[in-house]
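In: Below are the sequence and a predicted model for it; my questions follow.
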Amino acid sequence: MTVESVNPETRTEPADPAPELREPPVAGGGVPLLGHGWRLARDPLAFMSQLRDHGDIVRIKLGPKTVYAVTSPDLTGALALSPDYHIAGPLWESLEGLLGKEGVATANGPLHRRQRRTIQPAFRLGAIPAYGPIMEEEAHALAERWRPGQTVDATSESFRVAVRVAARCLLRGQYMDERAERLCVALATVFRGMYRRMVVPLGPLYRLPLPANRAFNDALADLHRLVDEIVAERRASGQKPDDLLTALLEAKDDNGDPIGEQEIHDQVVAILTPGSETIASTIMWLLQALADHPEHADRIRDEVEAVTGGRPVAFEDVRGLTHTNNVIMEAMRLRPAVWVLTRRAVTATELGGYRIPAGADIIYSPYAIQRDPKSYADNLEFDPDRWLPERAANVPKYAMKPFSVGNRKCPSDHFSMAQLTLITAALATKYRFEQVAGSNDAVRVGITLRPHDLLVRPVAR
């Protein structure tokens, strides 16, 4: 008899082989040449939401490319946190025409880390109170500019206040409404064109002298001229206020030399443009929510009065406005400004047991994730109370991350929430809102989501 037969528990067994990685299923409905791009272009929100029915990861075709769509909260969290995936893919390739390749939004690796170190002081939690007076002033000026019974174009007004807050806080410039209006017009055209270029990547067609292409190119050029004006004005002034633009103009690269002009330009674009677009879109959806759910507008008014004792709402009140914050969270859940994101695998890896080849593009939709009935009871209902602590604890960890996570987390999250809270509180305290004839609050899909043509009427309280 051998020792092994007497003591079978001591026998060394071969290790279990690693589980074989699976290939994600392919979504149905693709067509030659365009693949699934035509479905993504025709009804993108429905298409992305339906992919969850086929699995946690699904392969789709965008033109000649195979793209991996991630549909579950836990895997989108793993994707965002893993160093195996970089900012890249169809979305970011389309955005490089606007944001450039040297801004914090599109850079990767050491360049991105250095850029975050440069801009982070402007957005640290301790820096936000210094912006409070400007945010208060703009929020109350917006409320005062509107008149009871007057029809308000939510698109232009939301863009204007978002741009003015960003410019006055971060660039310390005295920018008039005309400049904000230029940015509004340019952004609307540019973001529509970039979305088309993302979902239907037919590069040569976009170089033809067609009216839509000319409008896109003109708008993009005006946007970059605007940024050049901002930087040139600051240099000419000789002033060095404690703001983001001063930090950029005085920043050094890894060799201790001043950063290049192109990087300064791209950084200003990366901070001013996407931030204004996403905040403006969120303000539009908040106006829609206040009009469509007056009971929550009334609760905001009551909460503000209880916190302030009847004085105008101020930055110091933001932390006490719990229901106001919950209304904003719920509006962002149902109508996230950033509805689609992409990454690229830098190495062959796995995600959720599926094989992801090196160089693969990955796409996921916060819109679809945040409406998943597996994560939210009554998932399509507007219910701000779902963000009360006892209920929010039941929401899966990565099912609601409006500012992303990891090293790609938006550095301006506290800045954004403070201004959204002040604007919502100031408006709901002074007015009730109703949509007027001709208003169209259907979702307009571009790089961001916003109402198609929201028109509201403020009614004095």
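Out: Looks like it arrived, so ask away.
In: Mind jotting down where the strands sit in this structure?
Out: For the chain, the strands defined by DSSP state E occupy 57-62, 65-70, 85-87, 152-153, 341-345, 349-351, 354-356, 361-364, 431-435, 440-445, 449-453, 455-460.
In: And these, which one averages the lowest pLDDT?
Out: The minimum mean pLDDT among the strands of the chain belongs to strand 85-87 (a mean of 84).
In: returning to what we had before: nearest to Gly37, of the strands of the chain?
Out: The closest approach between Gly37 and any of the strands of the chain, judged by Cβ to Cβ, belongs to strand 57-62 at 4.9 Å. No exception for glycine: its C-beta is placed from N, CA and C like everyone else's.
In: if we can go back for a sec, so for Leu388, which of the strands of the chain sits nearest?
Out: Go through the strands of the chain one by one with Cβ to Cβ and the one that ends up closest to Leu388 is strand 431-435, at 24.2 Å.
In: now that closest one, how far from the centre of its chain.
Out: 26 Å (Cα atoms, centre = their mean, to the nearest Å).
In: What's the local residue count around the spatially closest residue to Pro24 that is not a sequence neighbour?
Out: Computed as Cβ to Cβ, 6 or more residues apart in numbering, the closest residue to Pro24 that is not its neighbour in sequence is Ile57, at 4.2 Å. Number of residues near Ile57 (other Cβ atoms under 10 Å) recorded here: 25.
In: before we move on, what about Ala46?
Out: 11.
In: Ok, Leu427 next?
Out: Leu427 - counted by other Cβ under 10 Å - has 25 other residues nearby.
In: could you list every residue that touches Arg179?
Out: Residues in contact with Arg179 (Cβ atoms under 8 Å, 6 or more residues apart in numbering) are Val163, Ala167, Leu226.
In: Ser276 is in contact with the first one, correct?
Out: In this case it means Val163. Yes - shown here, Val163 and Ser276 form a contact pair, counting by Cβ atoms under 8 Å, at 4.8 Å.
In: Residues in contact with both of those two, list them for me.
Out: With the criterion set as Cβ under 8 Å, 6+ apart, the overlap between the contacts of Val163 and Ser276 is Leu183.
In: higher neighbour count, these two?
Out: Summary of the neighbour comparison: Val163 and Ser276, criterion other Cβ under 10 Å, with Val163 having more neighbours (27 against 24).
In: Now do that one against Phe382, distance only.
Out: Counting by Cβ to Cβ, to the nearest Å, the separation of Val163 from Phe382 is 27 Å.
In: what's the answer for Ala426, then?
Out: Relative to Phe382, Ala426 is positioned 21 Å away (Cβ to Cβ).
In: quick one: which of the two has more around it?
Out: Set side by side, Ala426 and Phe382 show unequal neighbour counts under other Cβ under 10 Å, the larger going to Ala426 at 23 against 17.
In: who's in contact with that one?
Out: By Cβ under 8 Å, 6+ apart, the contact list for Ala426 reads Ala139, His140, Leu142, Ala143, Pro312, Val313.
In: repeat that with 7 Å
Out: With contact set as Cβ atoms under 7 Å, 6 or more residues apart in numbering, Ala426 has these partners: Ala139, His140, Ala143, Val313.
In: Looking at the residues you listed, which is nearest Ala280?
Out: Distances from Ala280 to the contacts of Ala426, taken as Cβ to Cβ, are shortest for Ala139 (14.0 Å).
In: still on that earlier bit, name whatever forms a beta bridge with the residue nearest to Pro24.
Out: Partner residues in beta bridges with Ile57, using DSSP bridges, are Val70.
In: Is it in contact with Ile356, as I believe?
Out: No - under the criterion of Cβ atoms under 7 Å, Ile57 makes no contact with Ile356, lying 8.1 Å away.
In: And the contacts of Ala426, which is closest to Leu249?
Out: Using Cβ to Cβ, Ala139 comes nearest to Leu249 of those, at 29.0 Å.
In: Read off the pLDDT value for that closest one.
Out: Predicted confidence (pLDDT) for Ala139: 97.
In: And for it, the neighbour number?
Out: Neighbour count for Ala139, taken as other Cβ under 10 Å: 25.
In: The closest residue in space to Asp413 that isn't next to it in sequence: what's it in contact with?
Out: Counting by Cβ to Cβ, 6+ apart, Asp413 lies nearest to Phe403, which is 3.9 Å off, once chain neighbours are set aside. By Cβ under 7 Å, 6+ apart, the residues touching Phe403 are Lys409, Cys410, Asp413.
In: ok so, going back, who touches both of Ile57 and Ile356?
Out: Among the neighbours of Ile57, those also in contact with Ile356 (Cβ under 7 Å, 6+ apart) are Tyr68.
In: Lowest-confidence one in the contacts of Arg179?
Out: Ala167 (82).
In: about what we covered before: taking the contacts of Ala426, tell me the two that lie furthest apart.
Out: Taking Cβ to Cβ as the measure, the contacts of Ala426 span a maximum distance of 9.9 Å, between Ala143 and Val313.
In: more neighbours, these two?
Out: Higher neighbour count among Ala143 and Val313: Val313, with 28 against 19, using other Cβ under 10 Å.
In: any idea how far the more buried one lies from Leu244?
Out: Counting by Cβ to Cβ, the gap from Val313 to Leu244 is 26 Å.
In: Could you give the number of residues near the nearest residue to Val318 once chain neighbours are set aside?
Out: Leaving out its chain neighbours, the residue that sits closest to Val318 by Cβ to Cβ, 6+ apart is Thr421, at 4.9 Å. As a burial measure, Thr421 scores 23 neighbours (other Cβ under 10 Å).
In: per-residue pLDDT, Thr421?
Out: According to the predicted model, the pLDDT of Thr421 comes to 97.
In: can you check the one 5 residues further on too?
Out: Note on Ala426: pLDDT of 98.
In: cool, and Gly103?
Out: The per-residue confidence score, pLDDT, reads 61 for Gly103.
In: try the one 5 residues further on
Out: Per-residue pLDDT puts Asn108 at 71.
In: distance of it from Glu316?
Out: 39 Å.
In: quick one: which of the two has more around it?
Out: Set Asn108 next to Glu316 and count neighbours by other Cβ under 10 Å: Asn108 wins out with 17 against 12.
In: max-length helix in this protein?
Out: Ranked by residue count and defined by DSSP state H, the top helix of the chain is helix 261-292.
In: orientation of that one relative to strand 431-435 in degrees?
Out: Compare the direction of helix 261-292 with that of strand 431-435 by axes from the mean of the first three to the mean of the last three Cα atoms, to 10 degrees and you get 90 degrees.
In: ok, now how distant is Val443 from Gln288?
Out: Counting by Cβ to Cβ, the separation of Val443 from Gln288 is 10 Å.
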